[in-house]
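Enquirer: Here is a sequence together with a model predicted from it:
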Amino acid sequence: IKLKDVRLMQNTYAADEFTNITDKITSLIGKNLHLQLHHPLNNVRQRIVEYFYKSFLNTRGNPTFSIYDNLNPIVNITQNFDSLLIPKDHVSRKKSDCYYVNKDYLLRAHMTAHQTELIASGLNDFLMVGDVYRRDEIDSTHYPVFHQVDAVRLKTRDQLFREGQDLSIFESGKNSVGINQEKQPCHSLEAVKLMEHELKSTLVGLAKSLFGEKTEYRWVDAYFPFTQPSWELEIWHNGDWMELLGCGIMRQGILKNSGINDRIGWAFGLGLERVAMCIHKIPDIRLFWSSDSGFLNQFKSKDNKNVIYKPISQFPQCKNDISFWIGDPDNFSSNDFYDLVRNVGGDLVEQVTLVDNFKHPKTGKTSHCYRIIYRHMEKTLTQSEVNVLHKEIEDTAKNSLNVTIR
Ligand code: PHE
């Protein structure tokens with residue numbers, strides 16, 4: 001079979017065996033919710049940008065951070081992975097986790113994909129804001145497109161240490177072997193500690209400016225291929241710890257590959273949806289994509305940071321199960337089915353859960369049963385409307401996933 005070319009943002013890409021983006025996903029590219037007037041994601045973006053503008057001023061009183069919020073979401077493998085020193089066999093590269101345009105291009109899975117190109121262009125302090133794409137489960141807090149703010153700050157020795165201090169950013173780390181949780185072998189402990197202090201106090205300040213002065217928080221050690229050491233910031237929300245962001249001291253190899261040899265950097269990445277859902281008590285992530293004025297108008301006021309979302313109304317759910325035998329379990333991922341459901345059912349699908357995973361003792365065949373919950377955001381769905389959709393999902397699964405409906 002000849003694969004169809006993929007047309008995206010005025011460009012044509014040759015499809016290959018990596019291509020897995022669906023029409024549903026394609027239709028969401030370029031919506032730029034983070035730039036849409038009064039949209040809650042836009043409001044959160046603005047608050048974060050203002051926090052950085054006022055927190056980092058140069059000697060003339062001007063903001064040092066610059067903002068990039070209109071970068072093309074179609075990136076190549078180098079941008080999304082290689083330039084960030086992500087190992088060739090790292091799980092985050094898997095076809096089952098990313099939307100590939102073809103083997104060379106994908107929809108960016110994080111805003112960090114643009115880090116090196118902006119550093120190489122000469123920037124030291126900058127924010128990147130935009131839509132990112134990940135294949136994932138379906139529920140009220142997951143959507144295949146969400147929005148992130150990423151930041152980078154680079155500092156020279158003179159910016160880091162006081163005049164007259166005989167300290168340096170780098171040391172020869174040749175006798176350090178293996179992973180060091182405290183720092184990278186090439187960095188001096190003094191430099192790393194000062195950077196860690198600025199990074200953490202900046203981010204705690206950001207969390208408090210978003211969620212209130214009294215916000216409780218904690219730091220958790222983490223791992224990212226592009227930072228070392230790395231941390232996650234969690235805040236106490238609704239009786240539980242919620243992960244707000246990931247951050248760390250940038251791997252020096254990333255700076256080196258962008259031509260920077262005299263600076264050390266910190267970086268972080270944060271999801272906008274989670275923040276907006278907390279601030280406004282928005283119960284379902286699909287609402288961000290609603291074009292209903294009943295949703296958007298609620299965030300128009302000057303004082304929008306204190307708005308608590310009022311449900312337009314709660315319409316009833318419809319539950320339908322689907323069970324099938326899997327033809328080739330080694331080449332089946334639940335994410336394939338989730339994408340199919342999204343592609344056919346669109347935003348009428350609220351949740352899909354794997355409720356049964358069964359291996360027949362005699363035949364060795366594997367069967368999955370998924371529960372699909374349908375709910376319209378703005379009206380009541382009838383059972384017969386749902387039946388039509390459910391049948392279409394069954395037929396599409398049968399034809400494209402090599403499964404047999406039970
Ligand atoms: N890219 C990471 C993510 O999407 C977040 C991150 C950015 C972590 C920069 C560290 C530094 O989860």
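Expert: Yes, it's here. Numbering: from 1, shown residues only.
Enquirer: Could you check how far the spatially closest residue to Q383 that is not a sequence neighbour is from G271?
Expert: Counting by Cβ to Cβ, 6 or more residues apart in numbering, Q383 lies nearest to C318, which is 6.2 Å off, once chain neighbours are set aside. Heads up, the C-betas are built off the backbone N, CA and C, glycines and all. To G271, C318 is 29 Å away according to Cβ to Cβ, to the nearest Å.
Enquirer: for V192, same thing?
Expert: For V192 relative to G271 (Cβ to Cβ), the value is 26 Å.
Enquirer: do T156 as well
Expert: 31 Å.
Enquirer: same deal with L348?
Expert: Taken as Cβ to Cβ, the span from L348 to G271 is 24 Å.
Enquirer: now Q298
Expert: Distance from Q298 to G271, by Cβ to Cβ: 21 Å.
Enquirer: cool, and V204?
Expert: Taken as Cβ to Cβ, the span from V204 to G271 is 18 Å.
Enquirer: which one of the two has more residues nearby?
Expert: Shown here are V204 and G271; by other Cβ atoms under 10 Å, G271 has more neighbours (19 against 15).
Enquirer: Next, give phi and psi for the residue in the stretch 151-300 of the chain that the ligand sits nearest to.
Expert: Using Cβ to the nearest ligand atom, the closest approach of the stretch 151-300 of the chain to the ligand is made by G269 at 2.8 Å. Note on G269: its backbone torsions stand at phi -140, psi 140 [degrees, to the nearest 10].
Enquirer: Could you double-check that it sits in contact with A109?
Expert: No. Counting by Cβ atoms under 8 Å, G269 sits too far from A109 to count as a contact (10.9 Å).
Enquirer: buried ones in the least confident helix or strand in the chain by mean pLDDT?
Expert: Each helix and strand of the chain was given a mean pLDDT (mean pLDDT, DSSP states H and E); the minimum falls on helix 293-296 at a mean of 78. By neighbour count on 16 or more other Cβ atoms under 10 Å, the buried set for helix 293-296 is 295-296.
Enquirer: Also stretch 51-59?
Expert: Buried residues in stretch 51-59 (16+ other Cβ under 10 Å): 51-52.
Enquirer: L3 - how many residues pack around it?
Expert: Neighbour count for L3, taken as other Cβ under 10 Å: 11.
Enquirer: again, but for G269
Expert: Neighbour count of G269, defined by other Cβ under 10 Å: 21.
Enquirer: Now it: closest residue in space, sequence neighbours ignored.
Expert: Closest to G269 by Cβ to Cβ, 6+ apart is D150, at 4.4 Å.
Enquirer: what's the helix or strand harbouring that neighbour packed up against?
Expert: Applying DSSP states H and E as the criterion places D150 in strand 145-156. In terms of contacts (3 or more Cβ pairs under 8 Å, 6 or more residues apart in numbering; DSSP states H and E), strand 145-156 is packed against helix 40-55, helix 115-120, strand 125-133, helix 189-211, strand 263-271, helix 272-280.
Enquirer: Lovely, talk soon.
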